Every structure is written in C-alpha cells, then in structure tokens.
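S.K.: just need the structure, nothing else, for what follows:
(chains A and B)
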Number of protein chains: 2
Amino acid sequence: MTDPSSAPVVDLVEVGPRDGLQNEARTLSVETRTALVERLVEGGVRRLEAVSFVRGDRVPQMADAEAVLAGLTPRDDVALIGLVLNRRGAERAAETICDELNIVLPVTDDFATRNQGVTVEQGLEHAAAAVEVARQAGKRASVTLAVAFGCPFQGQVPVAQVARVVERVADLGIDELAFADTIGVGVPSQVHALAELVRGDARVPGLRFHFHNTRNTGYANAWAATTLDLSGHGGRVSLDASVGGFGGCPFAPAATGNIATEDLLHLLRRSGVPVEGADVDALGSLVDTASWLSGELDSPVQALLGRAGDLLGGAAS
Amino acid sequence: MTDPSSAPVVDLVEVGPRDGLQNEARTLSVETRTALVERLVEGGVRRLEAVSFVRGDRVPQMADAEAVLAGLTPRDDVALIGLVLNRRGAERAAETICDELNIVLPVTDDFATRNQGVTVEQGLEHAAAAVEVARQAGKRASVTLAVAFGCPFQGQVPVAQVARVVERVADLGIDELAFADTIGVGVPSQVHALAELVRGDARVPGLRFHFHNTRNTGYANAWAATTLDLSGHGGRVSLDASVGGFGGCPFAPAATGNIATEDLLHLLRRSGVPVEGADVDALGSLVDTASWLSGELDSPVQALLGRAGDLLGGAAS
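M.R.: Take a look at the predicted model:
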C-alpha cells in the first residue's frame, strides 16, 4: 500500500448545499437547507460551501443565503464558504458568518457571458473587487476557475488559455485557487497539466479541484490530484465533493453530478490517503444524509457506496 | 497534456459477452450472444472474452459456448478469449476457434470453495492442467486472479496472500496475468501494490487488470494502471471493460458492474493514452451497442457516456 507518511493530505470541501442543490429541479426550503448543513457537520464535515450569494430571482435554489446561515449554530471548528460572483455578492457575504468567499470565474468568454453576463476580463475585475471585500472583512478568499477542463460553448479549452487567467488571478492575493471541471469533461492528464500552471507558485498557497462525474472520469481525476507534486502547496490538495453526488449538469440533463463525498472518502480511506475536513470513519452518516436528501429533492442518489455497501471498510491491507 | 510517446499503451479486453452477461437476470439466446460479439467487432473491438466454458446447468447465461462461437465469422485480426476453470473447460475450449484461454483462479480459499468448489491449492492444479491444454492446442493462456483486491467472504485480502498465489502461477508458463477486483472494493493504491508483485518478472510477460465500478473506484483504478512502471511488460497494460458497464455483482445486487468500455475509452482518449484492441474514434458504435444490449437484457446501461454525450471528443488540448 501507499506509505501514508508520503501521501498528500486531502482537504475535503463539501459542496452539496451549494452545487449539489443549485441544478436540481426542486427548490428546498431555507429550513431544509440549514438542516442539510447541520447534518453534514454532524457527520464530520468541517469545511463546506454552504450558500451562494447570487440573485435569488435567477437561481431560486440558492435564494436567501443569509437566512440559511442565520439558522446555523456557529462553530469555531467549521469553515463555511459562500460562493460569490462579484462585489455585490461579496458585500452580502461579508455581513454573514461565512469564513471564506469563493469567487467563481469562468475561463472562457462564451461561458462567462452566458452564465454571468460578463467577459472574462470583466469577471477578473469582479473577482478583484470581491477579493478586496473579503480581505477587508477578515475572511479567506478563494477563486474557482470554471470550465477549466472544457466548455460547453467554446469546446476544448487549451491549457494556455487557462494559464492566462491563472496569471491574473494569482496576483489578486488569494488563499486558494480551484480548477473546476464544471461540465464533467475533464481527464487525469488535464489535472496534471493544470496543476503544473501553479506548481511552486507562492501566490497560490492552496490548490483545489472541483470534479463532476458526468462521464465517469471524476474519481480518476480526484485520484490523479493526490499524485501531484504538492510540495509548493503544503503537501495538500483540496477536493470538492457533494454528498450523494447530487448536482447534475445543466448542459447534460440526464447526467450525474459532482463526485460524491462518501464515494470519494471511501476511495481515499481504502487507499491510505489522509483526509482532513471530514471523518472517514463516519461514512454511514453521509450515506444516511444522502438518502434523506434524495427524498427532499425527489432525485436519486448518484453515489454508489450506499447502494453497494462499505463491504470491507478501513484501509486496504 | 501527457506526452503520448511516454504514455503506456492500453490493450483493451472487452468482457461484455462474458462478465457483462453472466450476472444479469435475463439469459440471452445463443443468437443474441453471437450478435453481441459481432457488433463489438464491427465497433472496432479486437480482443474479447467471448464465452465461458463453465457448466451450463450452473451458469445458464453462459451455456452453449461452442454454439455462440460457431455462429461467428472467424477473423484473423480478432482474438477470442474463452474463460475456463479447469482441464475439462480447457479441453472444450481447445476444440473451438478461441485464440486464448483465460483461467480464473481465486486467491482466497473462501471464495474458491464457494464459487468453484475447490481450494486455492486445488485451483492451482486445475490452472496448471488448463495451461497445459492451451499450450498443446497452440493457444495463448492467461490467468485471472479473482478477489485479489478483497473478498466478500474473507474480507480484506493482504498483498502477501496474493503474492503467494502469484509466485505459483508465474511458474505455469502463462502469457498474461490479471488481477481482478471481482467485487469492486479495489482502490488505486492496491493497483500499485499488486503490480509491484510482478514488476520486471519475465515469467509474467503480460499484465492485465479487471475492474468493477461497484463503489466508483473502477476508473480511478484503471487510470492508476496507466501510471505503473510497465517496462517489464512491454510498456503495455491490458484492461478489461464491458460495453455499457453491464455485469452487476452477485454480492451487491443493487450495484453497478464492470467498468464500461465506452467510458474507459473516452477517458483514455481524452488523456492521450494510446489504446489498442479498440477504436477510440468509434465510441458511438459502442454506445449504440450498449443501448441495444440494454433492451435485450432489460437492464439499464451503467455507462455514462451515452447519457451525457461525448461533448468534446478527441484528446484534451
């Protein structure tokens, strides 16, 4: 087996309350969204994207972020992330208990324009403003580069195109940079190529990836992320995952969503990869939460661990 | 991207007509099973496990192997594999157009006893006899080590336990050795650990893996296999996959089956990994065959490519 002492640490980022919900047909109540966060925290999750400060009239699934947060019991050992797109969202987030602002910036003009009504250049200005707001509020700031592995409108996204955006974002003074496979076209070779863009770059202290399993590449990508040279990032990599694998993809209506937290943790645990931000010995709690959420959303669990059972548990011997 | 010149070659082994069918509830007719093989060959598959020479009264889905083969148009550019468990099966296979005999040998007594009615030691004798029959018939011989990643009865399977069986099998004079994650509990660290058992071992000219995606680890395992040091095995690794991902798992009735051929090929193609034994530019044909097979089996396609669509195609840029 892999020698755990040499393995990277994976920091789990649970995105179920945000990405897991925003593409589902059914909009959950504020109370249910708060309950989801509370359940995840009870199940051992310690860092999660809890809300999105986007316009509720455009994304009703994400409306009333402040109310969702107001219902939570604040805990010093839990980091809450709020997604923002611009200064306005950042200013809303700054007034809440969120510990971190995650600013989403597409790397193609096609996607930025259709999804956020801005060019990449304008998005960079919005990101800079949001980072400044986060700083002034004493909160962490991270940037997620959307469609970094491929774009539903532009198609292939060359690494050089991502590099140009990375170069600008790295100068904003961020705590973490994430490469997002927004539409589930990413493959492991891209994980290596994109990580290479920031390897050893002190302006990018934290490295994060966001994978969807739309075409059954998500867990391979996650594994590839654990094999990177992470020495310039504290020997750590953050991985987004969504309990139950909810989330879907607006560009592939029949497709599955984010990689599932319980399946990812099972894989990492059996591989002997140390995980922080989640309790790999409490996968049953996550399976239960996924089942409960499936009922609330009237949408099937995409994760497989609950269906197949955690037959052996523990690390492979 | 990965430099294709340094990447290993993946030899695809299509196992849909065997493992894809043998755990499905519905038994297909001989004609349909022949048609499945023909469709796969038309879709570019060049090496496939077409039949199993087990007792038809025990595994009705696999009955009448000779009849399935008799319906095929022999082709010099297609390698047909027949699964056998012992001398009797090998003798049946030797009389057919099969090019290769794949002998399945579990590495735990618990599994060997319940599945084949023999101990591992007895299974080794059966394997030796079958290899000899294959040799005398001028056919290739490969051995698949079942439950090498974990056993539904014994539980964890230590690498040292697999090593003892490997040591014996390597002396049989085989063309290829496969490690099989029969029940879908395998993780990438195990792929590395098991491959290490035969690294540079000239008695194991070919290295093969058989993965199930029961808990969403199958494609990560496949990716891990492409990152191995394969210099002792011709720079190549064979990977089993099943069109549509059919196959299920008798020990997890609700679970998914083998990794799906079309999803694996899509992952490898976009990663720039060279593939032989399949046409990565003909994934649409495989998607169509999976859809057709789903109707014949009255069982849903587990592969995701057909649902999500091959949005970008080609290698990632």
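S.K.: show me what counts as buried in stretch A:136-149.
M.R.: Under the neighbour-count criterion of 16 or more other CB atoms under 10 Å in any protein chain shown, stretch A:136-149 has A:137, A:139-149 buried. Quick note: C-beta positions are derived from backbone N, CA and C, even for glycine.
S.K.: so that stretch, near chain B or not?
M.R.: Yes - under the criterion of CB under 8 Å from any CB of the partner chain, chain B is reached by stretch A:136-149 at A:F149.
S.K.: stretch A:103-122 now?
M.R.: No - contact of stretch A:103-122 with chain B (CB under 8 Å from any CB) is absent, the minimum separation being 12.6 Å.
S.K.: what is the end-to-end distance of that stretch?
M.R.: Using CA to CA, to the nearest Å, the end-to-end distance of stretch A:103-122 comes out at 13 Å.
S.K.: got it, and stretch A:60-79?
M.R.: End-to-end for stretch A:60-79, by CA to CA: 24 Å.
S.K.: what's next to that stretch, contact-wise?
M.R.: The contact list for stretch A:60-79 (CB atoms under 8 Å, 6 or more residues apart in numbering or on different chains) reads A:17-18, A:21-24, A:27-28, A:30-31, A:33-34, A:37-38, A:41, A:45-48, A:50-54, A:56-57, A:80, A:82, A:92-93, A:95-100, A:140.
S.K.: what is the burial count for A:P300?
M.R.: 12 (other CB atoms under 10 Å in any protein chain shown).
S.K.: from B:R26, how far off is it?
M.R.: According to CB to CB, to the nearest Å, A:P300 stands 23 Å off from B:R26.
S.K.: over to A:G82?
M.R.: Relative to B:R26, A:G82 is positioned 50 Å away (CB to CB).
S.K.: and A:L101, backbone torsions?
M.R.: When read as degrees, to the nearest 10, the backbone of A:L101 gives phi -110, psi 130.
S.K.: okay, A:G82 and B:R26: which has more neighbours?
M.R.: More crowded of A:G82 and B:R26, by other CB under 10 Å: A:G82, with 29 against 11.
S.K.: for the spatially most central residue of chain A, give me the pLDDT.
M.R.: Centroid-nearest residue in chain A, with CA atoms, centre = their mean: A:D240, separated by 3.5 Å. We have a pLDDT of 98 for A:D240.
S.K.: in a strand, that's where it is, yeah?
M.R.: Yes - applying DSSP: H, G, I helix; E, B strand; the rest coil, one finds A:D240 inside a strand.
S.K.: surely it touches A:H212?
M.R.: No - judged on CB atoms under 8 Å, A:D240 makes no contact with A:H212 at a distance of 9.5 Å.
S.K.: if you skip the residues just before and after it, what's nearest to A:L230?
M.R.: A:P8 (4.9 Å; CB to CB, 6 or more residues apart in numbering or on different chains).
S.K.: who touches both of A:D240 and A:H212?
M.R.: Here A:D240 and A:H212 have A:258-259 as joint contacts, going by CB under 8 Å, 6+ apart.
S.K.: spatially nearest residue to the residue nearest to the centre of chain A, not counting backbone neighbours?
M.R.: Distance criterion CB to CB, 6+ apart; nearest residue to A:D240, sequence neighbours excluded, is A:H210 at 4.1 Å.
S.K.: what's the answer for A:N115, then?
M.R.: Of all residues not flanking A:N115 in the chain, A:P106 sits nearest, at 6.2 Å (CB to CB, 6+ apart).
S.K.: show me what the top helix by length along chain A is packed up against.
M.R.: The longest helix of chain A (DSSP state H) is helix A:120-136. Judged by 3 or more CB pairs under 8 Å, 6 or more residues apart in numbering or on different chains; DSSP states H and E, the packing partners of helix A:120-136 are helix A:87-94, strand A:100-106, helix A:109-116, strand A:140-146, helix A:159-169.
S.K.: pick the most deeply packed of the ones you listed.
M.R.: Highest mean neighbour count among the helices and strands packed on helix A:120-136 (mean count of other CB atoms under 10 Å in any protein chain shown): strand A:100-106, with a mean of 27.
S.K.: for it, what is the average pLDDT?
M.R.: Rounded mean pLDDT across strand A:100-106 is 98.
S.K.: do stretch A:288-304 as well
M.R.: The average pLDDT for stretch A:288-304 rounds to 96.
S.K.: next one: stretch A:151-168
M.R.: Rounded mean pLDDT across stretch A:151-168 is 97.
S.K.: and that stretch, how far out from the chain's middle?
M.R.: 19 Å (CA atoms, centre = their mean, to the nearest Å).
S.K.: and stretch A:57-73, by the same measure?
M.R.: Per CA atoms, centre = their mean, the centroid offset for stretch A:57-73 relative to its chain is 18 Å.
S.K.: next: stretch A:95-106.
M.R.: 12 Å.
S.K.: now do the same end-to-end measure for it.
M.R.: End-to-end distance (CA to CA), stretch A:95-106: 25 Å.
S.K.: so how far is A:L101 from A:V198?
M.R.: A:V198 is 20 Å from A:L101, by CB to CB.
S.K.: same deal with A:A225?
M.R.: Distance, A:A225 to A:L101, using CB to CB: 23 Å.
S.K.: if the residue nearest to the centre of chain A is in a bridge, with which residues?
M.R.: Listed beta-bridge partners, A:D240: A:V13, A:H210 (assigned using DSSP bridges).
S.K.: which residues in chain A form strands?
M.R.: Secondary structure of chain A (DSSP state E): strands located at A:9-14, A:47-52, A:79-84, A:100-106, A:140-146, A:176-180, A:206-210, A:236-241, A:275-276.
S.K.: I'd say A:L283 and A:A303 touch.
M.R.: No - applying CB under 8 Å as the test, A:L283 and A:A303 come out as separate, 10.0 Å apart.
S.K.: okay, the two: which has more neighbours?
M.R.: A:A303 (33 against 23).
S.K.: quick check: PyMOL command selecting the buried ones in the contacts of stretch A:60-79.
M.R.: In PyMOL, a selection of the buried entries from those looks like this (16+ other CB under 10 Å):
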select buried, chain A and resi 17+18+21+22+23+24+27+28+30+33+34+37+41+45+46+47+48+50+51+52+53+54+80+82+92+93+96+97+98+99+100+140
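S.K.: ok, back up a step: ok, of the buried residues of stretch A:136-149, which one's closest to chain B?
M.R.: Checking the buried residues of stretch A:136-149 against chain B by CB to the nearest CB gives A:F149 as the nearest, at 7.2 Å.
S.K.: so what's the closest one up against?
M.R.: Going by CB under 8 Å, 6+ apart, A:F149 touches A:157, A:179-183, A:185-187, A:190, A:194, B:316.
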